[in-house]
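[1] show me the folded form of this:
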Amino acid sequence: MANTHLTKETQNMKIGDILEARERIASIVNKTPMIQSIILSEKVGRPVYLKLENVHEVGAFKIRGAANKILSLTEEQKKRGVATYSTGNHGMAVAYVANKLGIDAVVCISNRVPKAKVDSLKRLGAQIEIVGDSQDDAGVRCYELEKEKGLTVIQPFDDPHVIAGQGTIGLELMEDLPNLTDVIVPLSGGGLLSGIGLAVKSSERDIRVTGVSMEQSAVMYESLKVGKPIELEESETLADSLLGGIGLDNQYTFNMVRQYMDDVLLIPEEEIAYAMAYMMDKHRIIMEGAAATGIAAILGNKIPHQTGDIAVIISGQNVDISILLQLIQKYTADEM
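    Below is the predicted model of the structure:
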């Protein structure tokens, strides 16, 4: 699926943006661990490494992009405050960074955001507005706040500073894995894949980028199929962090995903559920459904058998424990 055609939008972003982001966010964001999974490596006959973005203070990779964007604001913008819309993780990241910098933050979320993420937002001191049944509904309210109160909107994905912040993961992957040939990246609005894709494709190494998403409401996947951003109704899914539209006026991520992604996989709910339980059972790692899509791709042997290292981005861990316990009870150790 990778497309070598450079659009005007993607030409505006360079590897230098990611290098600048790494310097800018260093005071807030720590480099995350990379661990090899022996059991997954044995399953596919290649080294499989887990990039643990779930260990950030907010439990997800989103802190990188949020920090880069907020730290780039003017002092006047910081005084007025910020607002964002989110399926949960980006909202927590914005709330965390804003709190750390003494900036007022409003987070608009939909009714679909799980209780665990709502509770985390409250602990981080953000003002929360719950609006509608989708991220798009929350986004409408967010831009109303921009007009009413002069707040700066911190977009969840379609922003060059946010993309560059997420791209710092790609720099760390290449530093830690000299034999890296495959990166598996959860795909929603495309900020994570765009940033990582820009980073690894800017090197002279031949690294494949595979996007993974759930089967239902995979908006980026469906948009790429028809060649333009579209809207879809959100469905119930364990991978709730991957819900939300990409914006009909998408400026960056649609074209960047189209350019940098080599393949995309849609993962059934049953496989996401199994992967979540499997990783808790075998690795004692808590991960949300979005993060488990990459593990499901490995367990399902969906990555073409080649040589070299595979890196799976473990994007977050913000899942209701009651849901995880149900899954562990459903999939017994013997079945795994």
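[2] leaving out the residues flanking it, which one is nearest to residue 233?
    Once flanking residues are discounted, residue 233 sits nearest to residue 217: 7.0 Å by Cβ to Cβ, 6 or more residues apart in numbering. Where C-beta positions appear, they are placed from N, C-alpha and C, glycine not excepted.
[3] can you give me the distance of the one you found to residue 296?
    Residue 217 is 17 Å from residue 296, where distance means Cβ to Cβ, to the nearest Å.
[4] higher neighbour count, those two?
    More neighbours surround residue 296 than the other of residue 217 and residue 296, with 27 against 21 (other Cβ atoms under 10 Å).
[5] gap between the helix or strand containing the more buried one and the chain center?
    Assigned by DSSP states H and E, residue 296 falls within helix 289-299. Averaging C-alpha positions (Cα atoms, centre = their mean, to the nearest Å) puts helix 289-299 13 Å from its chain's average.
[6] what residues sit buried inside the next helix or strand after that helix?
    Sequence-wise, the next helix or strand downstream of helix 289-299 (DSSP H and E) is strand 309-314. Neighbour-count burial for strand 309-314, counted by 16 or more other Cβ atoms under 10 Å, picks out 309, 310, 311, 312, 313, 314.
[7] swap in stretch 16-26?
    Here stretch 16-26 shows 17, 18, 19, 20, 21, 22, 24, 25 as buried, counting by 16+ other Cβ under 10 Å.
[8] pull the CA atoms of the longest helix belonging to the chain into CSV?
    Longest helix in the chain, counting residues (DSSP state H): helix 160-176. Provided in CSV are the C-alpha atoms of helix 160-176 (Å, rounded to 0.1, in the frame of the first residue of the first chain):
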residue,chain,number,x,y,z
PRO,A,160,2.5,18.3,12.4
HIS,A,161,3.7,18.8,16.0
VAL,A,162,1.7,15.9,17.2
ILE,A,163,2.9,13.7,14.4
ALA,A,164,6.5,14.7,15.0
GLY,A,165,6.1,13.9,18.7
GLN,A,166,4.8,10.4,17.9
GLY,A,167,7.6,10.0,15.4
THR,A,168,10.2,10.0,18.2
ILE,A,169,9.2,6.4,18.7
GLY,A,170,10.6,5.6,15.3
LEU,A,171,14.0,7.1,16.2
GLU,A,172,14.1,4.9,19.3
LEU,A,173,13.2,1.8,17.3
MET,A,174,16.1,2.3,14.9
GLU,A,175,18.6,3.1,17.7
ASP,A,176,17.7,0.0,19.6
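[9] tell me which other helices or strands that helix touches.
    helix 15-25, strand 34-36, strand 48-52, helix 63-71, strand 180-186, helix 191-201 (3 or more Cβ pairs under 8 Å, 6 or more residues apart in numbering; DSSP states H and E).
[10] what do you get if the cut-off is 6 Å, keeping everything else the same?
    Judged by 3 or more Cβ pairs under 6 Å, 6 or more residues apart in numbering; DSSP states H and E, helix 160-176 is in contact with helix 15-25, helix 63-71, helix 191-201.
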